[in-house]
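Q: Next input, structure requested:
(one chain, ligands or ions: 1)
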Amino acid sequence: MNIEALRAQLERWMHQYYVLDAPEVPDAEYDRVFQQLQALEAAHPELVTPDSPTQRVGGAPLGQFATVRHAVPMLSIRTETDTEASGAAAFDTRVRKELGLKESDPPVAYMAELKFDGLAMNLRYEQGRLVRAATRGDGEQGEDVTQNVRTIRQIPLRLPAGAPEVLEVRGEVYMRRDDFEKLNERQREAGGKSFVNPRNAAAGAVRQLDPAIAAQRPLSFFAYGWGEVQGWPDEPPTQDGVLAAFAAFGFPVDPHRAVVQGAEGLAAFHARIGALRDRLPFDIDGVVYKVNALALQQQLGFVTREPRWAVAHKYPAQEQMTQVVGIDVQVGRTGKLTPVARLAPVFVGGVTVTNATLHNLFELRRKDVRVGDTAIVRRAGDVIPEVVGTVATERPRRPYVSNFHMPRQCPVCGSAVVREKTEVNHRCSGGLFCAAQRKEALLHFAQRRAMDIEGLGDKLVDQLVEGGIIRTLPELYRLGVAKLAALERMADKSAQNLVEALERSKQTTLPRFLFGLGIRHVGEATAKDLARHFGALDPIMDATVEQLLEVNDVGPIVAQAIRTFFDQPHNREVVEQLRAAGVHWPEGPPAPRALLPLAGKTFVLTGTLPTLSREEAKELLEAAGAKVAGSVSKKTDYVVAGAEAGSKLEKAQALGIAVLDEDGLRQLLPDAAGG
Ligand code: IVH
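A: Residues are numbered from 1 along each chain as shown. As a prediction, this is how the structure comes out:
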């Protein structure tokens, strides 16, 4: 394929993926063609064009943005603050009056759209190429943010044949709520500053002087209007028609838009979208009504800087101020302690909110939230309401109620509260014993890779815990058929099956049991390492941090987590009761290190081996002390490749990692296994 065909192919795939949400090829195929284009451009730098898909990664950082004068001013829009249906009727009445319509005249057709909560952007295309992206600014002049906007995959860098010679598409750059939550989660984990809301995060990304940073911020776009247009012989005569044409040119246009008739149609749209608002993947602060016929828009014209043919009809705000009356701590399913602000009831985002998360101690300190403060609370969609900040000037005079402290003991079970050095979250160490963590602990214990208790799933665990039937793990083994069969939706047969599954699970292995305990940082691999190293459970429970550090792949954080777990008397008691209930496993002497020829080596398996199954190869390797990982990285020592090995093999070759076949693998294994 020539360079132009490669680009066209990639742009088409990107449109399918980012705009239509219907990818036609797997990601790997996209990556392959993308790399092909990159290689071609590297070999022929003179062929690189600014609209090449490779240019979406962001160029050099800027000192400041250049100012851009808009060819057609970017107007604002009149806001109807009456959030009821009457707000829609008032607009329709004004329009009819301006147009000189009589009561007997038919209803006016409107385009009803969502009012996206992001920032307005003007995208200028000349001869079908994106030449400039500019913010609204003061409406007359904005900032040239082309470099950053190029990184938004939803925005086409070129338009198909038949597009106008000059086309300015206007719309909203925004951040989806899930992308925003993920970004903030990342920021919080890194101990960085989180963003107040998706709009601020989007605005910050667009105005990033370093496009490489902007490229990492997940932005989206919806087209809803236009500025200068030249050379569009078949320009549609309606707002609706123009938006449909934009969609055909490759722009994302929101599918909720609708052509509606008269005041009733507007009010029905407002109500319908209002009911949907929480479930939308992005924030809206209202809907926008526009007279659909462009000829009528022209006739209506403008008052000062607002069109008479459009209005924004709002919804209740998603951010409000209220008093903080207390700060509590909640313990989550996984033991995380979250400070929660108790609030004077406030109506926000359509519901009354009385508490809001503060995420963690560091967020709370950064936002400097204290009892008695006036806080800004945000509730959007089904996301948990959160305190996004305080209003400094509204803080009452001293004395404050003392500053918040994280409790040293879990408020639910009394176990020690711990926080690891590199973590922002405090956690309860009472895993097995803590009521807040019961469900999670049971599910973890019962899962296939742990005790493998067939039939003990989500719903049953809910029933058992909520019905007060089970409070601790050992009580599982005291469940009788009669007790189980008495549960709702539980047939005698299933009760019998579960009791049998429980009985079977009693005979297990030490790694499975250890993993099932749900000790923080002790996954399957670490459980195996521990079992191999110590041979039995008691020496693990009594091991010092130093002794634990001697285990393959166990570092200070993991060692401390194991120590803390077994330091909780409640956790030890649970272990004893499980053993007393008959849970058992074979134990042996500690493994002498020298007998493990592959200790410390990491393997990756790929493709089909001639005689060994993936599982068998893994067991042989692990028995020899090796670790088997799922993906190839610089840390991989060997890749064992069989027939139809795919991208893992390619990656190994690219990284210069040793590749073995089954024979090669057997040669590394001790004789007994080499067989
Ligand atoms: S039309 C002449 N339509 O709301 C009309 N604006 O002042 C110009 N907005 O910040 C605006 N969704 O970015 C229009 N569907 C929509 C919109 C929308 C959001 C924003 C726009 C501007 C403000 C309007």
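Q: where does the residue in the chain positioned nearest to the ligand fall, phi/psi-wise?
A: When scored by CB to the nearest ligand atom, the chain has A120 as its residue closest to the ligand, at 3.2 Å. The way it works is simple: take the backbone N, C-alpha and C, and place the C-beta from them, glycine included. Recorded main-chain torsions at A120 are phi -70, psi 140, according to degrees, to the nearest 10.
Q: Quick check, it in contact with M74.
A: Yes - judged on CB atoms under 8 Å, A120 makes contact with M74 at a distance of 6.1 Å.
Q: residues in contact with the residue of the chain closest to the ligand?
A: Going by CB atoms under 8 Å, 6 or more residues apart in numbering, A120 touches 74, 135-136, 170-172.
Q: Q64 too?
A: Each residue near Q64 by CB under 8 Å, 6+ apart is listed here: L209.
Q: Give me the subset of the contacts of A120 that also touch the ligand.
A: E172 (CB under 6 Å from any ligand atom).
Q: can the contacts of A120 go into JSON lines with extra columns for neighbour count, pLDDT and secondary structure?
A: Converted to JSON lines, the contacts of A120 look like this (neighbours: other CB atoms under 10 Å; pLDDT from 0 to 100; DSSP: H, G, I helix; E, B strand; the rest coil):
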{"residue": "M74", "neighbour count": "22", "pLDDT": "94", "secondary structure": "coil"}
{"residue": "T135", "neighbour count": "23", "pLDDT": "95", "secondary structure": "strand"}
{"residue": "R136", "neighbour count": "19", "pLDDT": "94", "secondary structure": "coil"}
{"residue": "R170", "neighbour count": "19", "pLDDT": "98", "secondary structure": "strand"}
{"residue": "G171", "neighbour count": "24", "pLDDT": "98", "secondary structure": "strand"}
{"residue": "E172", "neighbour count": "23", "pLDDT": "98", "secondary structure": "strand"}
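Q: Now the common contact residues for A120 and M74.
A: Residues touching both A120 and M74 (CB under 8 Å, 6+ apart): 136, 170.
Q: which residues in the stretch 301-450 of the chain form helices?
A: Using DSSP state H, counting those that start in this stretch, the helices of the stretch 301-450 of the chain run over 361-367, 438-446.
Q: among those helices, which is nearest A28?
A: Nearest of the helices of the stretch 301-450 of the chain to A28, taken as CB to CB: helix 438-446 at 32.8 Å.
Q: Now the element after the closest one, going C-ward?
A: Sequence order places helix 458-466 as the next helix or strand after helix 438-446, per DSSP states H and E.
Q: right, and the helix or strand after that next one?
A: Next along from helix 458-466, by DSSP H and E: helix 481-485.
Q: For the next helix or strand after that next one, name the packing helices and strands.
A: Downstream of helix 481-485, the next assigned helix or strand under DSSP H and E is helix 492-505. Where contact means 3 or more CB pairs under 8 Å, 6 or more residues apart in numbering; DSSP states H and E, helix 492-505 is packed against helix 481-485.
Q: Pull the contacting residues for the residue nearest in space to the middle of the chain.
A: Centroid-nearest residue in the chain, with CA atoms, centre = their mean: K182, separated by 3.9 Å. With contacts defined as CB under 8 Å, 6+ apart, K182 is in contact with P218.
Q: count of neighbours near the closest residue to W232 other than its chain neighbours?
A: Distances taken as CB to CB, 6 or more residues apart in numbering put P164 closest to W232, at 3.7 Å, once the chain neighbours are dropped. Burial of P164 is recorded as 22 neighbouring residues (other CB atoms under 10 Å).
Q: Assumed P164 was part of a helix.
A: No - the assignment for P164, made by DSSP: H, G, I helix; E, B strand; the rest coil, is coil rather than a helix.
Q: What does the pLDDT read for it?
A: P164 carries a pLDDT value of 97.
Q: again, but for T393
A: 63.
Q: Just grab the bridge partners of G142 for me.
A: Judged by DSSP bridges, the bridge partners of G142 are V68.
Q: Contact partners for it?
A: For G142, the contact set (CB under 8 Å, 6+ apart) comprises 67-68, 70, 74, 122, 134-136.
Q: would you list those in a markdown table and tack on distance to V260?
A: Compiled in a markdown table, the contacts of G142 are given as follows (distance: CB to CB, whole Å):
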| residue | distance to V260 |
| --- | --- |
| T67 | 39 |
| V68 | 35 |
| H70 | 30 |
| M74 | 26 |
| N122 | 27 |
| A134 | 32 |
| T135 | 31 |
| R136 | 27 |
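Q: just curious, which of those residues is nearest to E143?
A: Looking across the contacts of G142 and measuring by CB to CB, the closest to E143 is T135, at 4.8 Å.
Q: With adjacent residues omitted, what lies nearest to that closest one?
A: Spatial nearest neighbour of T135, excluding adjacent residues (CB to CB, 6+ apart): G142 at 4.2 Å.
Q: now swap in I453 and tell me
A: I453's closest residue in space is A446 (CB to CB, 6+ apart), at 4.1 Å.
Q: which helix is the longest one in the protein?
A: helix 27-43 (DSSP state H).
Q: quick one: contacts of that one?
A: Around helix 27-43, the neighbours that count as contacts under CB under 8 Å, 6+ apart are 1, 3, 6-7, 9-10, 13-14, 17, 47-48, 52-54, 647.
Q: redo that, cut-off 7 Å
A: If you take CB atoms under 7 Å, 6 or more residues apart in numbering as the criterion, helix 27-43 is touched by 3, 6-7, 9-10, 13, 47-48, 52-54, 647.
Q: Quick check: helices, which of those are part of them?
A: Of the contacts of helix 27-43, the ones assigned to helices by DSSP H are 3, 6-7, 9-10, 13, 647.
Q: Report the two of those residues separated the most.
A: Using CB to CB, these span at most 24.5 Å, a distance reached by I3 and S647.
Q: Alongside the ligand, which residues does the stretch 201-350 of the chain contribute?
A: 224-225, 288, 307, 310.
Q: what do you get if the cut-off is 8 Å, keeping everything else the same?
A: Within reach of the ligand by CB under 8 Å from any ligand atom, the stretch 201-350 of the chain has these residues: 222, 224-225, 254, 257, 284, 287-288, 290, 306-307, 310, 312.
Q: And for the stretch 1-150 of the chain?
A: Counting by CB under 8 Å from any ligand atom, the stretch 1-150 of the chain sits next to the ligand at 74-77, 79, 113-121, 136.
Q: Apply 6 Å and report the result again.
A: Selection of the stretch 1-150 of the chain residues close to the ligand by CB under 6 Å from any ligand atom yields 75-77, 113, 115-116, 120.
Q: Reformat these as TSV; add secondary structure and pLDDT.
A: As requested, these are exported to TSV (DSSP: H, G, I helix; E, B strand; the rest coil; pLDDT from 0 to 100):
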residue	secondary structure	pLDDT
L75	coil	89
S76	coil	90
I77	coil	93
E113	strand	98
K115	strand	97
F116	strand	97
A120	strand	96
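Q: Just the buried ones out of the residues you listed, please.
A: Buried subset of these (neighbour count, 16 or more other CB atoms under 10 Å): 75, 77, 113, 115-116, 120.
Q: Dump the residues you listed into TSV; add distance to L130 as well.
A: Below are these laid out as TSV (distance: CB to CB, whole Å):
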residue	distance to L130
L75	23
I77	25
E113	23
K115	25
F116	20
A120	17
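Q: These: which two are farthest apart?
A: Maximum distance among these (CB to CB): 16.4 Å, for L75 and F116.
Q: Just give the number of residues close to L119.
A: L119, neighbours per other CB under 10 Å, totals 19.
Q: How about the contacts made by it?
A: Applying CB under 7 Å, 6+ apart, we find L119 in contact with 135, 172-173, 202-203, 206.
Q: Report whether the expected contact of T79 with K314 is present.
A: Yes - here T79 lies in contact with K314, judged by CB atoms under 7 Å, at a distance of 6.3 Å.
Q: Give me the buried positions along stretch 559-578.
A: By neighbour count with 16+ other CB under 10 Å, stretch 559-578 contains the buried residues 559-566, 568, 570-571, 574-575, 577-578.
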